[in-house]
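Student: I would like to see how this sequence folds:
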Amino acid sequence: MALSTWLGLLAICCLGAMSPGPSLAMVLRHTLSGGRLHGVVCAWAHSIGIGVYALVTLLGLAVVLEKSPLVFNGIALIGACYLAWMGFQALQSKGGMEQKLQSGESTSLLQAARDGLAISLFNPKILLFFLALFSQFVLAAESLTGQTLIVLTPLVVDGLWYTIIAVVLSHGPILSRLRDKAALIDKLSGVVLILLALRVIIDII
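Tutor: Numbers count the residues shown, from 1 in each chain. Down below sits the predicted model:
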């Protein structure tokens, strides 16, 4: 793979990772409720999901999904339901992030990893992103090195970006101010997840 081609891939991956959305909200929630380590675990679990999509695109399975609307819609519907469930969980007052912060309770690292992985794997918009923009770079990967870069570049960029987010947010003064707004952040993240789920369902219909 030519350097110029890889730089183009890197730029697109950076833009995709930095776009605000439910992934940012999920990393934020786990950083607030559990601390820096929880945010970092959530970030890298999310990046694994991104790597899975990159690998799927590389192997050509994304083309199969694109040509099989029933399969794609089934995956999208399952993903939308899961996103909606996470959104309603965030909106609930009992057991929400605000109560966990007030009681000193935090989510487990396993929960942080599970949510980070799920928010990427069950977001069909990420698959569409790879189909629309990423597949063009797959054709340029003629060697094993190029194919490895195709998978690792979006995975590492995504993990590093959300790790930076978790580290910055976990600094004392910043985290203290954010915790004062914990209830609002909890509600906003819930709304974002539900709206994304509704948009996916509307697109299917």
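Student: in the protein, which helix or strand is least confident?
Tutor: In the chain, the helix or strand scored least confidently by mean pLDDT, DSSP states H and E is helix 97-103, which has a mean of 46.
Student: Please spell out the segments of this protein that come in under the pLDDT threshold.
Tutor: 19-20, 61-66, 93-106, 131-141, 172, 174-183, 185-186 (pLDDT under 70).
Student: which residues in the protein form helices?
Tutor: 3-18, 22-34, 36-59, 61-66, 69-91, 97-103, 109-121, 124-129, 135-138, 144-169, 172-180, 182-204 (DSSP state H).
Student: and Arg114, what does it touch?
Tutor: Ala45 (CB atoms under 8 Å, 6 or more residues apart in numbering). Where you see a C-beta, it was placed from the backbone N, CA and C, and this is true even at glycine.
Student: how far away is it from Leu55?
Tutor: Distance, Arg114 to Leu55, by CB to CB, to the nearest Å: 20 Å.
Student: now Leu109
Tutor: 25 Å.
Student: And Gln89, by the same measure?
Tutor: 29 Å.
Student: again with Thr148
Tutor: 10 Å.
Student: what's the answer for Ser108, then?
Tutor: 28 Å.
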